[in-house]
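Engineer: fold the following, please.
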Amino acid sequence: MLIRREQPADADVVETIHRDAFGGEVEPALAVSLRSDGACPEFSFVAERDGLVVGHVVCSRGSIVRPSAADEDVPALGLGPIGVSPELQGDGVGSALMHAVLGAADAAGEPLVALLGNPGFYRRFGFVASTSVGIDPPDAAWGEFFQVRPLTTFSPDLAGAFVYAAPFQSL
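Structural biologist: Residues are numbered from 1 along each chain as shown. Modelled structure (predicted):
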């Protein structure tokens, strides 16, 4: 398996992967909107197996809004969507994509990656409930399902509310 940055020629297959993986149009439309918005193309990866794209993950530019107006917002990343062709789910493609995007974010000096998802699944990648490290979810009702993965440059004094990239606001 090869993990590489998404290329413009991958757009149609990425949409198909998300449509097939999630059974709807929200995730494919989000992937298109994030691409059009230019929200961090350096954090958009595909997995190839035997020359075919079989998975996709993207992290886009979000921010942590600090509680004090005197403090500047802190750039951070929001992960999603991540999708794998249904016939390959459970074969390690999603894990490889997660490790690649988290490694790239860490190497780039990002403080954290945030996502909304099942804690039982994402805990193995180092994700924790966001509030346990001082980051409030965009929607308080998300509770433990809104998680963050603190990276090397994360500091315990980093606190505030996470805000996703603009395309997430239209979901």
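Engineer: and the helices in this protein, which stretches?
Structural biologist: In the chain, the helices defined using DSSP state H lie at 11-22, 26-37, 93-107, 119-122, 166-169.
Engineer: now do the buried residues in the last one.
Structural biologist: For helix 166-169, the neighbour count (16 or more other C-beta atoms under 10 Å) marks 167-168 as buried. C-beta coordinates here come from the backbone N, C-alpha and C atoms, glycine included.
Engineer: could you pull up the mean pLDDT of it?
Structural biologist: Average pLDDT, helix 166-169: 88.
Engineer: before we move on, the earlier item: got CSV for the helices of the chain, with distance to Val46 too?
Structural biologist: Supplementary listing: these in CSV, determined by distance: least, C-beta to C-beta, whole Å:
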stretch, distance to Val46
helix 11-22, 7
helix 26-37, 11
helix 93-107, 8
helix 119-122, 20
helix 166-169, 19
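Engineer: could you give the bridge partners of the residue nearest to the spatial centre of the chain?
Structural biologist: Nearest to the geometric centre of the chain sits Leu79, at 0.9 Å (C-alpha atoms, centre = their mean). Counting by DSSP bridges, Leu79 is bridged to Cys59.
Engineer: that one against Val57, yeah?
Structural biologist: Yes - in this structure, Leu79 is within contact of Val57 by C-beta atoms under 8 Å, at 7.0 Å.
Engineer: which residues do these two both contact?
Structural biologist: Val101 (C-beta atoms under 8 Å, 6 or more residues apart in numbering).
Engineer: how close does Gly117 sit to Glu27?
Structural biologist: Gly117 is 12 Å from Glu27, where distance means C-beta to C-beta, to the nearest Å.
Engineer: could you do Ala100 as well?
Structural biologist: To Glu27, Ala100 is 19 Å away according to C-beta to C-beta.
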